[in-house]
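# no FASTA, just this:
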């Protein structure tokens, strides 16, 4: 598990701030749940493997000696959401749109880029079956990435019922659909032959695999030659799909058509690409599914879809839901590697450092700092006063300290300045000094910083 | 442990945002540490009672059956800070000023206003013995409370070495000083007789108790009659103290004098009151101590002091440190009870809701929402379209939904508006409608909201 030193925290807050800001613009509201849930709330919800990865908390008091656990650390943000929906139903709006950015814990063996404490960033709209929900989620994700500085990215879009329709058209029996999806989900990693082998190993008729893989290849070829015009590509691909599937699958195609049409009036339009081979790993999706891909990056920056059967688990009824999970830790890594953070954000803990010149006049420095702070500036005050007025090397030492901390300016009141009622402002990078009337210093610094 | 629904989160973020903002203005930087620490890092640091209240996490894998714990949930923010200072010493600045707002966990029996997961808000400056650190911490705390809307509050200020000097002057032997401080700390709750009884029970000579309690009473009487002029009161009290104590105690009085003098150039000046009876419970303080009191409120909104022997615990050396812990949960409760939150903050998840009028034109509504969002507005879009154009009662239903959610405006494009290229904006509280050219709606709403 990681400590986040100040520079890390500033980067993380920048990204989380943009996410929160954008989703709030879409009417999503913040939710926070406790880090600790009852063990029984979590157990059995994440499969056998998941159960093993839950961090369990020892009973206190009398139970302590028995080594039993009754509480556990949050494993994801979806089960807590389902619990909240059940628990506060009467207090929540009919359409509950929430975002939640909080840590989760998994007892994985730590490895590069994988942590046992990491943040999830989930955005979900509960209570509506309308596909405008999908369109808004994709539009908001587009705004988030654009504001963070990602210019090129693709939103791969597919639909579970279309996938089922394709599998049926390929002759895959319904009871093997889940197995087939798991195989198709690996297409990116293992290629066509790998998927074909996986189909065979799972006892899925090879004819089905072959038809599907040819269809995917044809769509991919069209996609490669149609990168300039996503609209035409999407229309053509949906037409191909429409010709392939029937019944429920056709209803899925119609939903995809409507999502694409709605996204046409948002910023998401130019990023969406219908991708019939997108399967998504999780089994609980029931409708549209999507995943955000960035060029030259394996894996995704986020993904999600519609899952109408899960949120009602504690209520014993179906509650429609659709959401996206942004890969916060992933986004942070990529932005770091590609130098996408605003330089000022990362570097500087303060706008200016007030320097101490006199032996016994810290009050003078604190007075100046107070004035500059009142004007809205971020001000560091060097805490130590010298034993005598301005001894040899003393100023340089303070300037070096400020510069090492990434603070761009130093403000000095020495003997001359005190008599003249001025302040000398040093630009540390250029060692240029500027003497200003004291009443003018805040305005001068504000201009220098914003310019 | 608590769920924070959207309104709760907005309140909490408001307060945390002000705290972060102000401390950043003073050059403090954010630090975040993991929720989980090694059990051995925490154990033995909080006394016997503390050890019992630590939430322990079961070993995973082979250890699971043994019921043993190797990890634990963070119990406070001070031990993690000490660990960070030891672990990252070379990466941290010489004067490390950090604030940290994160949850901690204690296996207390839950009771009113006490939670097993709660947030601490710690601000500490590490590495300097200069009392300008104390002055800046108090000035920043003043700014925080002022910005949150607290007009009347007192910063009680005392010094551990002055307390020791007073106890020595009262004839209390050094080995009983800690016992005596514990007794004095209860003065507010148990009164003079209670403290005298406590002194006796702990075998402390009654002469000492009596002298001290008379001194406190005299100071308190002076304080009551001098509320208008804290400066004179502080000067007089420091003079009284100076006459009472010698040696180390006198050095403590001199530090208090300097802190008061420095605070004279900050907003803290009019809130500070020297209080010789302030003891603070924790044993680790070594210098100035302080506590923030609000009229008509038992207990404090925060407190802290200098503790030069604690932060170096993992380094095996002394590291000077001074800090303040703001009572975040307390502040939130008081602000809630006294209606101190800005009403807009609490109520509204969006500035405007776009209403659906047509059966098949969600794209029209989403297009308007996209335009308004691009202009910076927070926009909710009612997700469901009607089965036919504007059926009976349909608009009212949507208006009611928006109003119940605290959204002040609704935007409608109906048949008339579509033909005229306009949008009707309804002020939901007054039911007043205003038809505007579509290009003008964002500006109209922005003005209406900020006005």
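Ah, there it is. For clarity, every value in this text was computed on a predicted model and none was experimentally measured.

# leaving out sequence neighbours, find the closest residue to the residue of the stretch 301-450 of chain A found nearest chain B.
Chain B sits closest to residue A:380 of the stretch 301-450 of chain A, with a gap of 3.4 Å, by Cβ to the nearest Cβ. Heads up, the C-betas are built off the backbone N, CA and C, glycines and all. Distances taken as Cβ to Cβ, 6 or more residues apart in numbering or on different chains put residue B:27 closest to residue A:380, at 3.4 Å, once the chain neighbours are dropped.

# tell me the mean pLDDT for stretch A:73-82?
Mean pLDDT, stretch A:73-82: 95.

# contacting residues around whatever residue of chain A ends up closest to chain B?
Nearest residue of chain A to chain B (Cβ to the nearest Cβ) works out as residue A:67 at 1.4 Å. Neighbouring residues of residue A:67 by Cβ atoms under 8 Å, 6 or more residues apart in numbering or on different chains: A:58, B:58, B:66-68.

# what's the mean pLDDT across the one helix or strand residue A:142 maps to?
Assigning secondary structure by DSSP states H and E places residue A:142 in helix A:132-148. Here helix A:132-148 scores 96 as its mean pLDDT.

# and stretch A:331-350, by the same measure?
Stretch A:331-350 comes out at a mean pLDDT of 86.

# likewise stretch A:183-192?
Here the average pLDDT along stretch A:183-192 is 84.

# where does the prediction get shaky in chain A?
A:61-66, A:113, A:206, A:208, A:226-228, A:345-347 (pLDDT under 70).

# just give me the residue right at the centre of it.
By Cα atoms, centre = their mean, chain A has its centre lying nearest to residue A:328, at 3.1 Å.

# contacts only, for that residue.
Counted by Cβ under 8 Å, 6+ apart, residue A:328 has contacts A:12, A:15-16, A:19, A:101, A:119-121.

# cool, residue A:365 as well?
A:354-356, A:381-382, A:413, B:132.

# which of those fall in helices?
The members of these that map onto helices under DSSP state H are residue B:132.

# of the contacts of residue A:365 - the most surrounded one?
Neighbour counts for the contacts of residue A:365 (other Cβ atoms under 10 Å in any protein chain shown) peak at residue A:354, which has 29 neighbours.

# show me what contacts that residue?
Neighbour list for residue A:354: A:365-366, A:368-369, A:372, A:379-382, A:410-411 [criterion: Cβ under 8 Å, 6+ apart].

# just the ones of those residues in strands?
A:379-381, A:410-411 (DSSP state E).

# quick one: residue A:257 is in a helix?
Yes: when classified by DSSP: H, G, I helix; E, B strand; the rest coil, residue A:257 is found to be part of a helix.

# that one - how many residues pack around it?
Per other Cβ under 10 Å, the neighbour tally for residue A:257 reads 18.

# which of the contacts of residue A:67 are buried? Put it as a ChimeraX command.
The following ChimeraX line selects those of the contacts of residue A:67 that are buried, judged by 16 or more other Cβ atoms under 10 Å in any protein chain shown:
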select /A:58 /B:58,67
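
# got CSV for the contacts of residue A:67, with secondary structure and distance to residue B:282 too?
Output for these, formatted as CSV (DSSP: H, G, I helix; E, B strand; the rest coil; distance: Cβ to Cβ, whole Å):
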residue, secondary structure, distance to residue B:282
A:58, strand, 27
B:58, strand, 31
B:66, helix, 35
B:67, coil, 33
B:68, coil, 31
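
# residue A:272: which of the contacts of residue A:67 is nearest?
Closest approach to residue A:272 among the contacts of residue A:67 (Cβ to Cβ): residue B:58, at 45.3 Å.

# so of the contacts of residue A:365, which two are at opposite extremes in space?
Of all the pairs that those form, the one spanning the most space (Cβ to Cβ) is A:413 and B:132, at 14.8 Å.

# where does residue A:98 fall, phi/psi-wise?
phi -130, psi 150 (degrees, to the nearest 10).

# need the nearest residue in space to it, chain neighbours excluded.
Excluding its sequence neighbours, the residue lying closest to residue A:98 (Cβ to Cβ, 6+ apart) is residue A:31, at 4.2 Å.

# what's the distance between the one you found and residue A:369?
Applying Cβ to Cβ, to the nearest Å, the value for residue A:31 to residue A:369 is 39 Å.

# what of residue A:323?
47 Å.

# how about residue A:236?
65 Å.

# what about those two, which has more around it?
More crowded of residue A:236 and residue A:369, by other Cβ under 10 Å: residue A:369, with 27 against 16.

# shouldn't that one be in contact with residue A:379?
Yes: Residue A:369 is within contact range of residue A:379, at 4.7 Å (criterion: Cβ atoms under 8 Å).

# residue A:376: what secondary structure?
coil.

# tally of neighbours for it?
When neighbours are defined as other Cβ under 10 Å, residue A:376 has 11 of them.

# test my guess that it contacts residue A:443.
No: using Cβ under 8 Å, residue A:376 is not in contact with residue A:443, being 10.9 Å away.

# who are the contact partners of the nearest residue to residue A:286 once chain neighbours are set aside?
Nearest residue to residue A:286 in three dimensions, chain neighbours excluded: residue A:308, at 4.7 Å (Cβ to Cβ, 6+ apart). Residues near residue A:308 by Cβ under 8 Å, 6+ apart: A:129, A:286-287, A:318-321.

# which two from those end up farthest apart in space?
Comparing every pair within the contacts of residue A:308 by Cβ to Cβ identifies A:287 and A:319 as the most remote, at 13.7 Å.

# between these two, which has more neighbouring residues?
Neighbour count, other Cβ under 10 Å: between residue A:287 and residue A:319, residue A:287 has more, with 24 against 20.

# wait, doesn't that one sit right on residue A:255?
Yes: under the criterion of Cβ under 8 Å, residue A:287 makes contact with residue A:255 at 6.6 Å.

# now list whatever residues contact both of these two.
In contact with both residue A:287 and residue A:255: A:159, A:161, using Cβ under 8 Å, 6+ apart.

# got phi/psi on residue A:37?
phi -120, psi 160.

# repeat for residue A:172
According to degrees, to the nearest 10, residue A:172 has phi -80, psi 120.

# quick check: it vs residue A:166, distance?
For residue A:172, the distance to residue A:166 - Cβ to Cβ - is 9 Å.

# now swap in residue A:379 and tell me
63 Å.

# ends of stretch A:335-349, how far apart?
Start-to-end span of stretch A:335-349 (Cα to Cα, to the nearest Å) is 20 Å.

# is that stretch positioned near chain B?
Yes: Stretch A:335-349 is in contact with chain B by Cβ under 8 Å from any Cβ of the partner chain, via residue A:349.
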